[in-house]
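Colleague: make a model of this:
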Amino acid sequence: MLEVFKEDNDPVYGFKVNMFDQWTIRKVPKYIVYAFYKEYCDENGYNALSSNKFYKQFEHYLENYWKTDAQRRYDNEELAKRIYNFNDNRNYIEPIESGKKL
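Modeller: Purely as a prediction, here's the structure:
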């Protein structure tokens with residue numbers, strides 16, 4: 001019961017449980033996670049936190065095996081295979097500078 005209350009009243013935790021935990025990828029750029037969080041907030045009537053506030057709060061909910069400073073990069077096709085609805089949520093993802101990989 002406390003878990004349901006937490007999901008309903010903490011959009012960051014709700015996003016982690018309802019979206020992030022469903023992904024089959026173990027390394028993902030922070031800005032991609034934030035873009036999906038913003039989309040989750042829009043769809044559920046929440047006001048999204050700033051990216052810095054989101055990252056700080058989100059890190060508290062991650063299990064120990066997650067590293068938030070990973071350097072590995074993925075291309076869009078790899079992310080699309082591993083993240084549910086990646087292609088449907090592209091409008092929430094900020095464009096990257098020319099020549100940079102995800």
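Colleague: residues making contact with stretch 8-17?
Modeller: For stretch 8-17, contacts defined as Cβ atoms under 8 Å, 6 or more residues apart in numbering pick out 6-7, 36-37, 40-41, 44, 46, 48-49, 54, 57-58, 61-62. To be clear about C-beta, it is placed using only N, CA and C from the backbone, and glycine gets the same treatment.
Colleague: which strands and helices sit next to the helix or strand Asn52 falls within?
Modeller: Under the criterion of DSSP states H and E, Asn52 resides in helix 51-61. Contacts of helix 51-61 with other secondary structure elements, assessed using 3 or more Cβ pairs under 8 Å, 6 or more residues apart in numbering; DSSP states H and E, are made with helix 11-18, helix 30-44.
Colleague: in that helix, what's buried?
Modeller: By neighbour count, with 16 or more other Cβ atoms under 10 Å as the criterion, the buried positions of helix 51-61 are 51, 54-55, 58, 61.
Colleague: start to end distance for stretch 45-54?
Modeller: Counting by Cα to Cα, to the nearest Å, you get 16 Å between the two ends of stretch 45-54.
Colleague: name the residues that touch that stretch?
Modeller: Applying Cβ under 8 Å, 6+ apart, the set of residues contacting stretch 45-54 from outside is 11-12, 30-31, 34, 37-38, 40-42, 57.
Colleague: ok, so of those, who is nearest Gln22?
Modeller: Top of the list for closeness to Gln22, among these and by Cβ to Cβ, is Tyr40 at 11.6 Å.
Colleague: how much space between the closest one and Asn47?
Modeller: From Tyr40 across to Asn47, the span is 12 Å (Cβ to Cβ, to the nearest Å).
Colleague: and Lys30, by the same measure?
Modeller: With distances defined as Cβ to Cβ, the gap from Lys30 to Asn47 amounts to 20 Å.
Colleague: please apply the same query to Phe58.
Modeller: Remark: distance between Phe58 and Asn47 (Cβ to Cβ) = 16 Å.
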